[in-house]
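# The sequence and its predicted three-dimensional model are supplied below.
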Amino acid sequence: MTTVAAYAAPAAKAPLERTTIERREVGEHDVLIDIRFAGICHSDIHQAREGWGDAIFPMVPGHEIAGVVSEVGPGVTAFRAGDRVGVGCMVDSCRECENCRAGREQYCTGGGMVGTYNALGKDGEPTYGGYSQKIVVDENYVVRIPDGLPLDVAAPLLCAGITTYSPLKRWGAGPGKKVAVLGMGGLGHMGVKIAHALGAEVTVLSQSLRKKDDGLKLGADHYRATSDPKTFEELRGSFDLILSTVSAPLDFDAYLSLLRTEGTLANVGAPEEPVSLNLFSVLGGGKTLAGSMIGGIAETATWFYPLIVHGLRVATPGEGWAGPRKARRVDAYGPNTTGAPHTRP
C-alpha cells in the first residue's frame with residue numbers, strides 16, 4: 001500500500017479536510033498515475049452532500065483526473081511511464097455483460113460500474129477520487145490524453161465534455177438541426193461549444209440573459225430567458241433536440257412543448273428531487289424524454305481527437321463563461337451553499 005495526501009469530506013455536508021489515504025500496490029494490469037489536475041464537478045457536491053442518496057465517508061471526490069503515468073504493472077500493454085493519461089467517472093465494471101462488451105460500461109448490468117469515488121471496488125474497499133496526489137487504476141479504465149491537449153484543459157472533458165458530447169452525437173446534432181442547451185453552467189457551456197462545432201443551430205435556454213454575451217461567444221446562435229413567458233410561446237415546436245444540463249427540478253411539460261414532432265429532450269443533469277410529467281406531453285407529437293450518462297471508455301478515449309480538430313476546450317476565466325470548470329489543484333471547498341469551490345491554480 002502507498003500513502004498519499006488527499007482532501008476528503010469526513011461526513012455529509014462537511015467541508016473538505018486535508019488527510020492521507022492508502023492506494024493499493026500496482027497490480028498486474030494496473031497503472032499508477034501522478035495526478036496533476038482534477039476538475040471540480042457538480043457531481044462532487046451532490047455526492048458529498050448525500051443529495052443523491054447515502055454515500056460512503058470519508059469521501060475523496062474527483063472524477064475528472066489528468067496526470068502522468070509513473071509506474072505500470074507487468075501485464076500492462078497500453079501505457080508506459082511518462083504517458084499523459086486521464087481517468088473519468090469509472091474505474092471498473094463487470095466487463096462481461098452485454099453493455100460492457102458493447103463499450104457501454106457506464107450502463108453495466110453485471111453489478112453496475114464502479115465509480116471513481118463513493119463506490120466499493122471488487123476488493124470490497126472504498127474507491128477514492130482525484131482530489132489526491134496519486135491513483136491506481138486498471139489500464140482498461142485509463143484513457144490517453146493527446147499531446148495537443150493541455151492536462152488542465154483535458155481534465156473536465158472526462159466528465160463534463162463526454163457527458164454532453166455523447167448525447168449530442170447520439171441524437172444527431174449537426175447541420176440542419178436545431179438544438180437547445182438548457183442551462184449554461186459547467187455542463188451547459190461545453191454543450192454549447194460542442195453542438196456549435198457539430199454544425200447545429202444552437203439556442204441557449206437560461207433563467208435570465210445574464211450570460212447572453214458569454215453564450216454567444218461560445219457559439220450560440222440565440223439566447224433566450226426561460227423566466228420570460230414569451231420564450232415558451234415563441235419557441236413552441238422549434239427544436240429537434242433539447243439538452244438539459246440543469247440539476248434543479250424542471251417543468252418538463254413546458255420544455256417538451258418546445259420540441260418538434262418526434263423531437264428529444266435528453267437529460268444529463270440529475271436533480272436531487274423527483275420530477276413530475278404529464279404523459280400527454282410526450283404522446284402528442286411522438287416526443288422522447290431521454291437520459292444519458294457520461295460515455296463508455298472507448299467513446300471517452302476517442303472523442304478527444306475531433307475535439308482538437310475543432311479547437312474546442314473548456315472555457316477559462318476571461319473567455320466566455322468564467323466559471324470553475326477549468327481543472328485546479330484543489331485546496332478545499334467550504335460549506336458550498338452556492339456550489340462555489342475555493343481553489344488555487
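Here it is on my side, so go on.
# Just to check, residue 130 is in contact with residue 65?
Yes. Proximity of residue 130 to residue 65 meets the contact threshold set by C-beta atoms under 8 Å, at 3.8 Å. Backbone N, C-alpha and C define where each C-beta goes, glycine included.
# Overlap of the contact sets of those two?
Here residue 130 and residue 65 have 35, 38, 39, 87, 116, 155 as joint contacts, going by C-beta atoms under 8 Å, 6 or more residues apart in numbering.
# neighbours around the fourth one, how many?
Counted with other C-beta atoms under 10 Å, residues neighbouring residue 87 total 27.
# Disregarding residues adjacent in the polypeptide, which is nearest to it?
With C-beta to C-beta, 6 or more residues apart in numbering as the measure, residue 65 is the residue that lies nearest to residue 87, at 4.2 Å, once sequence neighbours are left out.
# show me the contacts for the one you found.
Each residue near residue 65 by C-beta under 8 Å, 6+ apart is listed here: 33, 35, 37-39, 86-88, 116, 129-130, 135, 155, 158.
# Confirm residue 100 sits in a strand?
No. Residue state for residue 100 (DSSP: H, G, I helix; E, B strand; the rest coil) corresponds to helix; a strand is not indicated.
# residue boundaries of the helices in the stretch 51-200 of the chain?
Assigned by DSSP state H, counting those that start in this stretch, the stretch 51-200 of the chain shows helices spanning 98-101, 151-154, 160-170, 186-197.
# would you list the ones you listed in JSON lines and tack on distance to residue 26, mean neighbour count and mean pLDDT?
Formatted as JSON lines, the entries for these read as follows, by distance: least, C-beta to C-beta, whole Å; neighbours: other C-beta atoms under 10 Å; pLDDT from 0 to 100:
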{"stretch": "helix 98-101", "distance to residue 26": "23", "mean neighbour count": "15", "mean pLDDT": "98"}
{"stretch": "helix 151-154", "distance to residue 26": "21", "mean neighbour count": "22", "mean pLDDT": "92"}
{"stretch": "helix 160-170", "distance to residue 26": "26", "mean neighbour count": "25", "mean pLDDT": "96"}
{"stretch": "helix 186-197", "distance to residue 26": "32", "mean neighbour count": "28", "mean pLDDT": "94"}
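# so which of the ones you listed comes closest to residue 241?
helix 160-170 (7.5 Å; C-beta to C-beta).
# And the contacts of that closest one?
With C-beta under 8 Å, 6+ apart as the test, helix 160-170 has contacts from 39, 41, 64, 88, 179, 186-188, 190-191, 194-195, 198, 200, 241, 243, 245, 266, 268, 290, 292-295, 299-300, 303, 307, 314, 325.
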